[in-house]
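Student: Take this sequence and fold it.
(one chain, ligands or ions: 2)
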Amino acid sequence: MPTIFACHENRNLGKHGWLHPVSKRLLYRACPALHSTMVSVPVKTFYIETFGCQMNAHDSEKVVGTLLQQGFAQVATPDEASHLFYNTCSIRDKAEQKVFHRLDTFKRSAKGKIIAVLGCGAQQEGEKIFERAPHVSLVAGSASYARLPEMLIQLEAGNKRVLGLAFDRDEAFETPYTRRDNPHRAFLTIIEGCDKSCAYCVVPFTRGPERSRTGANVMEEARRLAGEGYTEITLLGQNVNSYQDPSPAGWDFATLLARVGEIPGLRRVRFTTSHPRDFVKPIIDAIEADERLCNHVHLPVQSGSTRVLKAMQRLYTRDEYMRRIDWMKQSRRPLAITTDIIVGFPGETESEFEETMQLLDEVQFDAIFGFKYSQRPNTAALKIQDKVPEEEITRRLSAVQEKQRAIQLRKHGEMIGGIEEVLIEGRNHATQQWIGRTSQNRTLNFTHTSDDPALLGTYMPVRITRAGPNSLAGEACLNLDLLQQISA
Ligand code: 5AD
Ligand code: SF4
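Tutor: Numbers count the residues shown, from 1 in each chain. Ligands and ions are numbered 1, 2, ... in the order given. This is a model prediction of the structure:
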């Protein structure tokens, strides 16, 4: 077991650093409080790498919190760690290949280390991982994380093949020890799993059935986060808007969203990902009633063809999707709309693909995530014979992306001269610009006379001066007249 240094208050963690008590980041080489007695103590150290979506990123924050609470110390490289954790994604096979490639890379340096594979890839591949990567000793899916401390004990006891694959919890995995990566923006899971059965999707098999947290439980955590200084919260769920409070209060998603927005201290509330079938008008009404609910809805359409949507088992038609778009376009709030598109779903004809292209023209999305259809184990689409050739799938994806690029360039161009409030999220030292995010979830990089790190996490009006397809650029708006313009 590696030895690390700890001062007498046990504030130092890791071979080279100490864990900042507030930001929980590994920082300096010496104990900043200069505690006199530096002692050397044996500590289990871990390194974690995360692949995939925001749900996975947030799951890792919970796993890290649990490990820290169990007396582990986090380190920045695999070399320094006694335990390696890979939180994997299996939504498309590329993500999965990446994980096995990574496990192979660490095969040689893995000697004497405990290697754990977590997440959707672990749930999907199960025991097969032990065969394919014999240096792995823990395989656990996200629905088993509540048993993580117990599984760690089994590892400690020398068990070489610990497995956690059961969907054995009625509730979402929550831990008060979650170690959040960002000090200003927090993720908060409100619902886990998925009860839909889209024909291409592996998620119902990897994340299990839907489990909503109680409204009271969500509110308690959101209030605590606001009290800790977080000003932005993103409510998370595979189908976030299918949320249904299991307690007698019985809140639906729109009610929960409105209640979270009312929590003092919060300035921005986001949510992702929404399913069109459950996207009801009261959600828009809630956004319209409260400025703190952000001007952004991510509503994956997947295809513009009703025939393909039916084959995908998406539970809505193109017209039903467009009705939701109309609600958003008619809103008093300037809602940005983003989506996911899959091209080359089995049986998708050229004219059905053209319907997707026309949908892009019609909706004028603010951003899209385009994917090539990828065959996934256990899914219904495997049975559809009529596969679209790979070169054709590649062509369709490029066509979608090219069209969308032009749309974004035009939309961003129209924003030049306007003023947007950003949350300052980072600093690009190479360009000497601050990195901000608008309520519509656009990246807006900007110049400011100050490079004081205290600006991080604050909100600032920025005048947009330039536009690219994927981001905007501008300058901090320190002029009082302009400030009055936006508050008018
Ligand atoms: N192939 C391609 N894209 C997929 N997605 C989910 N499953 C697949 C698949 N088998 C995409 C969908 C979903 C996003 C998270 O990933 O567009 O909305
Ligand atoms: Fe997958 Fe469909 Fe569930 Fe989304 S709604 S996670 S695409 S099965």
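
Student: quick one, what contacts residue 297?
Tutor: 274, 279, 287, 328, 335, 336, 337, 338 (CB atoms under 8 Å, 6 or more residues apart in numbering). C-beta: built from backbone N, CA, C; applies to glycine.

Student: quick one, what contacts the third one?
Tutor: When the contact criterion is CB under 8 Å, 6+ apart, the partners of residue 287 are 257, 293, 294, 295, 297, 331, 333, 335.

Student: pLDDT score for the nearest residue to the last one once chain neighbours are set aside?
Tutor: Same thing as residue 335. Among residues not flanking residue 335 along the chain, residue 328 sits closest, at 4.7 Å (CB to CB, 6 or more residues apart in numbering). Per-residue pLDDT puts residue 328 at 98.

Student: which element is residue 328 on?
Tutor: In the assignment (DSSP states H and E), residue 328 maps to helix 318-329.

Student: near ligand 2 at all, that helix?
Tutor: No - against ligand 2, helix 318-329 shows no contacts by CB under 6 Å from any ligand atom, the least distance being 13.8 Å.

Student: that older thread, ok, the contacts of residue 287 vs ligand 2, which is closest?
Tutor: Checking those against ligand 2 by CB to the nearest ligand atom gives residue 297 as the nearest, at 15.4 Å.

Student: So what touches the helix or strand hosting residue 65?
Tutor: Assigned by DSSP H and E, residue 65 belongs to helix 54-69. Residues outside helix 54-69 that contact it (CB under 8 Å, 6+ apart) are 19, 24, 46, 48, 50, 74, 83, 85, 87-89, 118-120, 142, 145, 148-149, 152, 173-181, 187, 189, 192, 207, 234, 236-238, 272.

Student: mind redoing it with 7 Å?
Tutor: The contact list for helix 54-69 (CB atoms under 7 Å, 6 or more residues apart in numbering) reads 46, 48, 50, 74, 85, 87, 89, 118-119, 142, 145, 148-149, 173, 175, 177-181, 187, 189, 236, 238, 272.

Student: Can you tell me the centre-most residue of this protein?
Tutor: For the chain, residue 54 is the residue whose C-alpha lies nearest the centre (CA atoms, centre = their mean; 1.2 Å).

Student: pLDDT score for it?
Tutor: 90.

Student: I'd like the distance from it to residue 167, if you could.
Tutor: 21 Å (CB to CB, to the nearest Å).

Student: Next SSE downstream of the helix holding residue 328?
Tutor: Defined by DSSP H and E, the subsequent element after helix 318-329 is strand 336-343.

Student: now for that following strand, which elements pack on it?
Tutor: Using 3 or more CB pairs under 7 Å, 6 or more residues apart in numbering; DSSP states H and E as the contact test, the elements touching strand 336-343 are strand 296-298, helix 350-363, strand 367-372, helix 390-414.

Student: Go again with 10 Å.
Tutor: Judged by 3 or more CB pairs under 10 Å, 6 or more residues apart in numbering; DSSP states H and E, the packing partners of strand 336-343 are strand 296-298, helix 318-329, helix 350-363, strand 367-372, helix 390-414.

Student: Mean neighbour count, the ones you listed: which tops it?
Tutor: strand 296-298 (a mean of 24; mean count of other CB atoms under 10 Å).

Student: Now do the buried residues in the very next helix or strand once past that strand.
Tutor: Going down the chain from strand 296-298, the next helix or strand is helix 306-311, by DSSP H and E. Across helix 306-311, burial judged by 16 or more other CB atoms under 10 Å covers 306, 307, 308, 309, 311.

Student: which secondary structure elements does helix 306-311 contact?
Tutor: helix 318-329, helix 350-363.

Student: The last one near ligand 1 at all?
Tutor: No - contact between helix 350-363 and ligand 1, assessed by CB under 6 Å from any ligand atom, is absent, since the two come no nearer than 12.0 Å.

Student: With stretch 227-242 instead?
Tutor: No - against ligand 1, stretch 227-242 shows no contacts by CB under 6 Å from any ligand atom, the least distance being 8.8 Å.

Student: buried residues in that stretch?
Tutor: Neighbour-count burial for stretch 227-242 [16+ other CB under 10 Å]: 230-242.

Student: out of those residues, who's nearest ligand 2?
Tutor: Distances from ligand 2 to the buried residues of stretch 227-242, taken by CB to the nearest ligand atom, are shortest for residue 238, at 4.4 Å.

Student: tell me the pLDDT at that closest one?
Tutor: Predicted confidence (pLDDT) for residue 238: 94.

Student: My read is that it contacts residue 278, right?
Tutor: No - using CB atoms under 10 Å as the test, residue 238 is too far from residue 278 to be in contact (11.7 Å).

Student: shared neighbours of these two, anything?
Tutor: Residues touching both residue 238 and residue 278 (CB atoms under 10 Å, 6 or more residues apart in numbering) are residue 196.

Student: Around ligand 2, pick out the residues from the stretch 251-400 of the chain.
Tutor: So the stretch 251-400 of the chain meets ligand 2 at residue 275 (CB under 6 Å from any ligand atom).

Student: Quick one: residues contacting the residue in the stretch 251-400 of the chain that ligand 2 sits nearest to.
Tutor: Residue nearest to ligand 2 within the stretch 251-400 of the chain: residue 275 (5.2 Å; CB to the nearest ligand atom). Taking CB under 10 Å, 6+ apart as the criterion, residue 275 is in contact with 194, 196, 198, 237-242, 299-300, 314-316.

Student: Mind checking which of those are in strands?
Tutor: Within the contacts of residue 275, no residue falls in strands by DSSP state E.

Student: Output those in JSON lines, with distance to residue 261 appended to each entry.
Tutor: Below are the contacts of residue 275 laid out as JSON lines (distance: CB to CB, whole Å):
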{"residue": "194", "distance to residue 261": "25"}
{"residue": "196", "distance to residue 261": "27"}
{"residue": "198", "distance to residue 261": "30"}
{"residue": "237", "distance to residue 261": "17"}
{"residue": "238", "distance to residue 261": "22"}
{"residue": "239", "distance to residue 261": "20"}
{"residue": "240", "distance to residue 261": "15"}
{"residue": "241", "distance to residue 261": "15"}
{"residue": "242", "distance to residue 261": "19"}
{"residue": "299", "distance to residue 261": "19"}
{"residue": "300", "distance to residue 261": "23"}
{"residue": "314", "distance to residue 261": "29"}
{"residue": "315", "distance to residue 261": "28"}
{"residue": "316", "distance to residue 261": "27"}
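
Student: CA atoms only: put stretch 311-323 into PDB for me.
Tutor: Extracted C-alpha coordinates of stretch 311-323, given in PDB (Å, rounded to 0.1, in the frame of the first residue of the first chain):
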ATOM      1  CA  ALA A 311     -39.600   1.900 -35.700                       C
ATOM      2  CA  MET A 312     -37.400   3.500 -33.000                       C
ATOM      3  CA  GLN A 313     -40.400   3.000 -30.500                       C
ATOM      4  CA  ARG A 314     -40.100   6.700 -29.600                       C
ATOM      5  CA  LEU A 315     -43.800   7.100 -28.700                       C
ATOM      6  CA  TYR A 316     -44.400  10.400 -30.600                       C
ATOM      7  CA  THR A 317     -44.900  11.500 -34.200                       C
ATOM      8  CA  ARG A 318     -43.100  14.300 -36.000                       C
ATOM      9  CA  ASP A 319     -46.200  16.400 -35.600                       C
ATOM     10  CA  GLU A 320     -46.400  15.800 -31.900                       C
ATOM     11  CA  TYR A 321     -42.700  16.800 -31.600                       C
ATOM     12  CA  MET A 322     -43.300  20.000 -33.600                       C
ATOM     13  CA  ARG A 323     -46.200  20.900 -31.300                       C
END
